[in-house]
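Asker: Predicted structure and sequence below. I'll ask about it afterward.
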2 protein chains.
Amino acid sequence: MAQSDTVDRILDAAEELFAERGFSETSLRMITSKAKVNLAAVNYHFGSKNALIHAVFARFLTPFSATLENAFNDLETRCDGQPPTLNQTLWALTESAVRMPQRNENGISIFMRLLGLAYTQSQGHLRKFLEQEYSQPFSRFMRLLKESTPQLSAVDRYWRIQFMLGATAFTMSSSDALRDILQNKLGVETTVQEIAARLVPFLAAGMQAEDPMLIMPSAGKTSVA
Amino acid sequence: MAQSDTVDRILDAAEELFAERGFSETSLRMITSKAKVNLAAVNYHFGSKNALIHAVFARFLTPFSATLENAFNDLETRCDGQPPTLNQTLWALTESAVRMPQRNENGISIFMRLLGLAYTQSQGHLRKFLEQEYSQPFSRFMRLLKESTPQLSAVDRYWRIQFMLGATAFTMSSSDALRDILQNKLGVETTVQEIAARLVPFLAAGMQAEDPMLIMPSAGKTSVA
DNA sequence: CGACCTATCAAACGTATGTTTGAAACAGAC
DNA sequence: GTCTGTTTCAAACATACGTTTGATAGGTCG
């Protein structure tokens, strides 16, 4: 066949291993042996390990950013000029992620973990690649968030967005492990959708908290709203 | 001198480099050349690279966990049998961290980033080490959190704690980079204390959000609070 | 002084990494 | 069948890593 499935087998294996162990801790030999392809195949098809990392992200991110654009379009036409509510904005993103066609049942959580790693591990080339390729939907989401939280100052909004990102990336990145723990400790089953349904209200409440500087640290009793 | 300053020079250099680049991405040769000591000194004084990582954490974490125990003692005597409020619990932790004596002006942010990396990078040995050595203050903090949020079901509390952890670890793990971005974009200087002062209210509000299951995803308009 | 323990150093060791090579296998077109 | 371009493969390459070695100094105590 002209384009064998070698490329996809490599991408599948790489995606899983990167998510499990991080980028530096995953060697090409691990990937190629898991994918059952020759070691040289990675450099032949992708050129380098870094390029493979980019390809793993691109395979998910390109269709996802298209889905996201549609969701944002829908949201804006539905709002008809009015700024969307914070919940609407967050759900537009969440539903796009949850509804993406997945290669397997863990597709979302694997990719969430990869996104978290991309942010956390200081891989300069990756950040540059993501900024270059996918800045548009990101900027648009930021703009919607801004419209959804007009009461916040730019600085407050900036930090709270980081907090949201953190809670999301972190939770999703380890949601498999967390689900297992919950299953064992409390005997409760949990789907990714349910986690999202718990996460979004948490984020919305955090974003809309009282002005942070009103509540200061001290030995006295401070209470929230 | 009996105990030269080689040990501390190594610890200082390692701490900084680990925080900047992560554990796997930092080689012993980088550390020893930054510390201006011989390569073999690390294995001589610490035994292995992993042991050096543990030592870096222990140097900060041991005095910190003592400070934390005191803060929790203070809090419990101040509450006099009553369960503490969520804000009190969160601030007990935050103030202990902020008030720790620091080796240099970036001491806290460096160490926050290290803690974030410890959680994020899947270094099995590190997690085992931390669980073994510092499980007590961690468990105590969890117990206080439970008392501070009696209104939450066990499952809700479980997930929301994960969300808090995520927002904190993630923000702290990249706080230097984030501060730089903010500095460039908005021309605002930010201290770790200010980040904490913004984070705590965010977390408290999220923890005390409405029952998550009341707000469901749909195409319709949903609003919070 | 000489014995002894500790600390430092340059050099080497074995291993694992990402990448490259050159030949072999395979495909489709003529 | 033969040619042509693509894909696979085993092997090697150069480099970087964590760790070990054995020699050399420096200090302390009898």
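Answerer: Yes, it's here.

Asker: Give me the most central residue, chain A.
Answerer: In chain A, the residue lying closest to the centroid (Cα atoms, centre = their mean) is A:M112, at 4.1 Å.

Asker: what sits against A:R9?
Answerer: A:35-37 (Cβ atoms under 8 Å, 6 or more residues apart in numbering or on different chains). From N, CA and C alone the C-beta is placed, and that goes for glycine too.

Asker: and the gap between it and B:F72?
Answerer: Applying Cβ to Cβ, to the nearest Å, the value for A:R9 to B:F72 is 52 Å.

Asker: Next: A:A35.
Answerer: A:A35 is 50 Å from B:F72, by Cβ to Cβ.

Asker: go on, A:G116?
Answerer: From A:G116 over to B:F72 the distance is 30 Å, taken as Cβ to Cβ.

Asker: more neighbours, those two?
Answerer: For A:G116 versus B:F72, neighbours defined as other Cβ atoms under 10 Å in any protein chain shown are more numerous around A:G116 (24 against 20).

Asker: where does chain A come near DNA strand C, residue by residue?
Answerer: For chain A, the residues in contact with DNA strand C (Cβ under 7 Å from any atom of the strand) are A:1-2, A:26-30, A:39-40, A:42-43, A:48-50.

Asker: repeat that with 10 Å
Answerer: A:1-2, A:4, A:23-33, A:38-44, A:46-53 (Cβ under 10 Å from any atom of the strand).

Asker: On the three-state scheme, the residue lying closest to A:L115 once chain neighbours are set aside is what?
Answerer: Excluding the flanking residues, the one nearest A:L115 by Cβ to Cβ, 6 or more residues apart in numbering or on different chains is A:A169, at 5.7 Å. With DSSP: H, G, I helix; E, B strand; the rest coil as the basis, A:A169 sits in helix.

Asker: With the one 3 residues further on instead?
Answerer: The three-state assignment at A:M172 reads helix, by three-state DSSP.

Asker: Over to A:A40: give its phi and psi.
Answerer: phi -70, psi -10 (degrees, to the nearest 10).

Asker: go on, A:G22?
Answerer: Dihedral angles (degrees, to the nearest 10) for A:G22: phi 90, psi 170.

Asker: Number of residues surrounding it?
Answerer: When neighbours are defined as other Cβ under 10 Å, A:G22 has 23 of them.

Asker: and A:T32, how far is that from A:N38?
Answerer: A:T32 sits 6 Å away from A:N38, going by Cβ to Cβ.

Asker: do A:P137 as well
Answerer: When distances are taken as Cβ to Cβ, A:P137 and A:N38 turn out to be 36 Å apart.

Asker: Those two: who's more crowded?
Answerer: Taking other Cβ under 10 Å, A:P137 and A:N38 do not tie; A:P137 has more neighbours (19 against 11).

Asker: out of everything not next to it in sequence, what's closest to A:L28?
Answerer: Closest to A:L28 by Cβ to Cβ, 6+ apart is A:V42, at 5.2 Å.

Asker: Verify the contact between the one you found and A:M30 for me.
Answerer: No. Counting by Cβ atoms under 8 Å, A:V42 stays clear of A:M30, with 11.0 Å between them.

Asker: out of those two, which sits in the busier spot?
Answerer: A direct count of neighbours by other Cβ under 10 Å for A:V42 and A:M30 places A:V42 higher, at 24 against 15.
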